[in-house]
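[1] kindly generate the corresponding structure for this input.
(one chain, ligands or ions: 1)
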Amino acid sequence: MDIKKELPEIFSSFSEARKNGFIKAKELKEKNRPLVGTFCSYMPQEIAMAAGAAVVSLCSTSDETIEEAENYLPKNLCPLIKSSYGFAKTDKCPYFYFSDLIVGETTCDGKKKMYEYLGEFKPVHVMQLPNTQIGENSFKLWKDEIIRLKEKIEDMFDIEIKEEDIKRAILLKNRERQAIKDFYSLGKLKPSALTGMDILNVVNGATFKFNKEESIDEISDLTEKIIKSYKEGKRLPEKPRILITGCPIGGAADKVVKAVEKNGAYVVAFENCTVSKANELLVDENKDVFDALTEKYLAIGCSCMTPNKNRLETLKDMMREYKVDGVIDVILQACHTYAVESFSIKRFVNSNGIPYIPVEIDYSQSNLGQLNTRIGAFIEML
Ligand code: BJ8
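    Okay, the predicted model is just below:
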């Protein structure tokens, strides 16, 4: 890694990672390295990594293909699902194009039904995720599903995945998670060291870097440089501190973060799959590999789980550790589980003495004025 890289250069390497990753994905294919596409944080990436595969997120965050998708899917459906299907259908996503296998999971109804259609263009393997984290049956089901995924990948790529391969993948993925955690935990600094857009761009960009060792070095170097310049006195002005919770964001959905930062506050923490949900918990390195993976992934606090107390526990810790002044719950349009859960999140956040607003968004950029007005009014009353 080039340690002479300066901060702006490192930031732009992450914000450009998705675009630049297209070429890297093509190179992987030329070297016969399998590419596995995923749509969810529940997918145990270590299993694919143990087979030598690269893993890429196929969740689309642009409204470019939504119109086309609406020819086949209902208009009143989550934009993430419509956009992802649209990119697959129109063959406009190079990552989808280069993926050898798509791994889905039975989270929300819209996604699991969309996988049936994706199966018309690509091999799709759907993992049966339990609806609850409680009880031995759920644990057993998810463990069996992780083993079934291993067998599917072995079969498909004609390879044997040994326990030590999974162990190695666990160690590497844990190191990557820790580097990402160390980076986004910089949001705890008060006054802030960096903006919410900086945090989001780096964490999101890291998912499109296929050389994990290089990416770990780069993120750790970035974290160190920011700490150094913070110690030298480079800080952002004090402003209200916002935590974003809810559905995954990124791409077009960045508009919420931009609206916060345009209207006099900083996003300091993200309790969502784009940032903390996927990275906060590491895999136990001392247990049986399948038990450890089951434990880590099943604990993700997604609203598709009932009850979903892990989300509340993470929120409570994050509100305290990041010294948050307000919480914004981002709900993608027609995402029923996050929308219904919003009432209990409001109650919980308010009971901790912190103001809360839910914001329902799609991927269009046409209603920015309204979004700015709402978020501006919320920030003003903090
Ligand atoms: S673990 S948050 S990545 S399911 S697609 S549920 S927004 S209606 S993305 Fe998710 Fe996995 Fe949970 Fe995370 Fe709602 Fe849209 Fe469904 Fe969505």
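[2] taking the stretch 101-250 of the chain, what residue is nearest to the ligand?
    The ligand sits closest to residue 108 of the stretch 101-250 of the chain, with a gap of 3.2 Å, by CB to the nearest ligand atom. C-beta: built from backbone N, CA, C; applies to glycine.
[3] so how many other residues sit close to that residue?
    Counted with other CB atoms under 10 Å, residues neighbouring residue 108 total 21.
[4] correct me, but it touches residue 337?
    Yes. Between residue 108 and residue 337 there is a contact at 6.0 Å, judged by CB atoms under 8 Å.
[5] joint contacts of these two?
    residue 304 (CB atoms under 8 Å, 6 or more residues apart in numbering).
[6] can you pull up the most central residue in the protein?
    Centroid check for the chain by CA atoms, centre = their mean gives residue 274 as the closest residue, at 2.5 Å.
[7] let's verify that residue: helix, strand, or coil?
    When the structure is reduced to helix, strand and coil (DSSP: H, G, I helix; E, B strand; the rest coil), residue 274 reads as coil.
[8] so who does it touch?
    Contact partners of residue 274, counting by CB under 8 Å, 6+ apart, are 200, 203, 204, 248, 249, 250.
[9] separation between the closest residue to residue 100 other than its chain neighbours and residue 248?
    Computed as CB to CB, 6 or more residues apart in numbering, the closest residue to residue 100 that is not its neighbour in sequence is residue 34, at 4.9 Å. In this structure, residue 34 lies at 24 Å from residue 248, with CB to CB, to the nearest Å as the measure.
[10] more neighbours: those two, which one.
    Taking neighbours as other CB under 10 Å, residue 34 and residue 248 compare with residue 248 leading, 24 against 20.
[11] return the residues of the stretch 151-300 of the chain in contact with the ligand.
    Within the stretch 151-300 of the chain, the positions lying close to the ligand (CB under 6 Å from any ligand atom) are 247, 248, 273, 277, 300.
[12] so can I have JSON lines of those residues showing pLDDT and secondary structure?
    Supplementary listing: these in JSON lines, determined by pLDDT from 0 to 100; DSSP: H, G, I helix; E, B strand; the rest coil:
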{"residue": "247", "pLDDT": "97", "secondary structure": "coil"}
{"residue": "248", "pLDDT": "95", "secondary structure": "coil"}
{"residue": "273", "pLDDT": "94", "secondary structure": "coil"}
{"residue": "277", "pLDDT": "93", "secondary structure": "helix"}
{"residue": "300", "pLDDT": "97", "secondary structure": "coil"}
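[13] which helix or strand contains residue 238?
    Counting by DSSP states H and E, there is no helix or strand that carries residue 238.
[14] that one: neighbouring residues, count only.
    Quick note: residue 238 (other CB under 10 Å) scores 10 neighbours.
[15] does stretch 349-368 come close to the ligand?
    No. Counting by CB under 6 Å from any ligand atom, the ligand has no neighbours in stretch 349-368; the shortest distance is 10.6 Å.
[16] may I see the buried residues of that stretch?
    Along stretch 349-368, the positions that meet the burial threshold by neighbour count (16 or more other CB atoms under 10 Å) are 349, 354, 355, 356, 357, 358, 359, 360, 361, 362, 363.
[17] likewise for stretch 120-138?
    Buried residues in stretch 120-138, counting neighbours by 16+ other CB under 10 Å, are found at 124, 125, 126, 127, 129, 130, 133, 138.
[18] those: which two are farthest apart?
    Between all members of the buried residues of stretch 120-138, the longest pairwise span (CB to CB) is found for 124 and 133 and amounts to 24.9 Å.
[19] next, give phi and psi for residue 39.
    Its backbone dihedrals place residue 39 at phi -120, psi 10, with angles given as degrees, to the nearest 10.
[20] which pLDDT does the model give it?
    Residue 39 is assigned 95 on the pLDDT scale.
[21] let me see the contact set for it.
    Contact analysis of residue 39 by CB under 8 Å, 6+ apart lists 57, 58, 59, 84, 102, 104, 105, 111.
[22] distance of it relative to the ligand?
    Distance check for residue 39 against the ligand: by CB to the nearest ligand atom, to the nearest Å, it reads 7 Å.
[23] list the contacts of residue 302.
    By CB under 8 Å, 6+ apart, the residues touching residue 302 are 41, 42, 107, 273, 277, 308, 311, 337.
[24] just the pLDDT at it, thanks.
    Turning to residue 302, the model gives it a pLDDT of 98.
[25] that one and the ligand: what is the separation?
    3 Å.
[26] again, but for residue 260
    Using CB to the nearest ligand atom, which is the criterion applied here, residue 260 is 20 Å from the ligand.
[27] that residue and residue 242 touch, don't they?
    Yes. Here residue 260 lies in contact with residue 242, judged by CB under 8 Å, at a distance of 5.2 Å.
[28] who touches both of those two?
    When contacts are counted by CB under 8 Å, 6+ apart, residue 260 and residue 242 have 196, 266, 267, 328, 379 as shared neighbours.
[29] model confidence score at residue 61, please.
    On pLDDT, residue 61 comes in at 84.
[30] my bad, residue 2
    Residue 2 is assigned 41 on the pLDDT scale.
[31] who touches residue 143 in this structure?
    290, 291, 294.
[32] near the ligand, which residues of the stretch 1-150 of the chain? Just list them.
    By CB under 6 Å from any ligand atom, the residues of the stretch 1-150 of the chain that approach the ligand are 40, 41, 42, 78, 80, 81, 107, 108, 110, 111.
[33] give me the distance from stretch 298-312 to the chain's centre.
    15 Å (CA atoms, centre = their mean, to the nearest Å).
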